[in-house]
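Peer 1: For reference, the sequence and a predicted model appear below.
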Amino acid sequence: MKKYLLILLLLLPLTASAARPQKKVSQREVASIVSEFRHCDGVEVMRLGWLGTALVKGVAVHVDDNDDDLREIRQALRGIRGVTVMEYGDAAPDVRERLSRRLSSILGKREILMEVKDDGEKVQIFGVLDDATGLVRDIVFHSPSDCALICMFGSLPLDVIGKIAAQ
């Protein structure tokens, strides 16, 4: 009996952690969905890896410093390592349905950072908030009504995400 109790006590923390939702969206999971649906008619995908984002950051450095909005954007871009954008509004209804189900199955397991509703449309924002630094890591914007998915891998300040959500 003691042996069974000891085994149960050892397994209890593992089962408790398995029951909690995972916090961040895996870049591998997003890449899997994008690869699966990228060749379907009506699905448009744009990916920027670390090299593409480095080039964008390099161009952003040479932009006029007098504009406060551009300065904020440049500050926000520092922490981004990669961007994936997928728009599937022009896809066939069965493709949109399958894609929405796949995204919901992956994103449904994650903790939602915030949800913005405007005129019946909603945008869900997923990410992991680091309370010590105020940075949000691996941000995913999903708008089922607009059939859009935007993933920014890296980190952004929380106030920048609030400004993006407000627009």
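Peer 2: Everything's here; your move. Numbers count the residues shown, from 1 in each chain.

Peer 1: For the chain, which element, helix or strand, carries the lowest mean pLDDT?
Peer 2: Least confident helix or strand, the chain: helix 2-19 with a mean of 41, by mean pLDDT, DSSP states H and E.

Peer 1: right, and the helix or strand after that one?
Peer 2: Under the assignment DSSP states H and E, the closest C-terminal helix or strand after helix 2-19 is helix 27-37.

Peer 1: What strand or helix carries the residue nearest to Ile139 when sequence neighbours are not counted?
Peer 2: Nearest non-adjacent residue to Ile139, counting by CB to CB, 6 or more residues apart in numbering: Gly127, 4.2 Å away. Every C-beta, even on glycine, is put in place using the N, C-alpha and C of the backbone. Assigned by DSSP H and E, Gly127 belongs to strand 121-130.

Peer 1: Alpha carbons of that strand, as CSV, please.
Peer 2: Output of strand 121-130 as CSV, limited to C-alpha atoms (Å, rounded to 0.1, in the frame of the first residue of the first chain):
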residue,chain,number,x,y,z
GLU,A,121,-15.9,40.5,-35.1
LYS,A,122,-13.3,39.3,-32.7
VAL,A,123,-9.6,39.0,-32.6
GLN,A,124,-7.9,36.6,-30.2
ILE,A,125,-4.4,37.4,-29.1
PHE,A,126,-2.2,34.7,-27.7
GLY,A,127,1.2,35.1,-26.1
VAL,A,128,3.2,34.6,-22.9
LEU,A,129,3.5,37.6,-20.7
ASP,A,130,6.8,38.0,-18.7
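
Peer 1: May I have the strands that pair with it, each with its orientation?
Peer 2: strand 112-118 (antiparallel), strand 135-143 (antiparallel) (DSSP bridges).

Peer 1: What are the contacting residues of it?
Peer 2: Residues outside strand 121-130 that contact it (CB atoms under 8 Å, 6 or more residues apart in numbering) are 23-25, 107, 110-116, 135-146, 155, 158, 161, 165.

Peer 1: can you check stretch 45-60 too?
Peer 2: Where contact means CB under 8 Å, 6+ apart, the residues beyond stretch 45-60 that reach it are 34, 38, 70, 73-74, 77-78, 80-86, 154.

Peer 1: related to what we said a few turns ago, how far away is the residue nearest to Ile139 from Glu115?
Peer 2: Separation of Gly127 from Glu115 (CB to CB, to the nearest Å): 12 Å.

Peer 1: Neighbour count: these two, which is higher?
Peer 2: Counted by other CB atoms under 10 Å, Gly127 and Glu115 do not tie: Gly127 has more neighbours, with 25 against 12.
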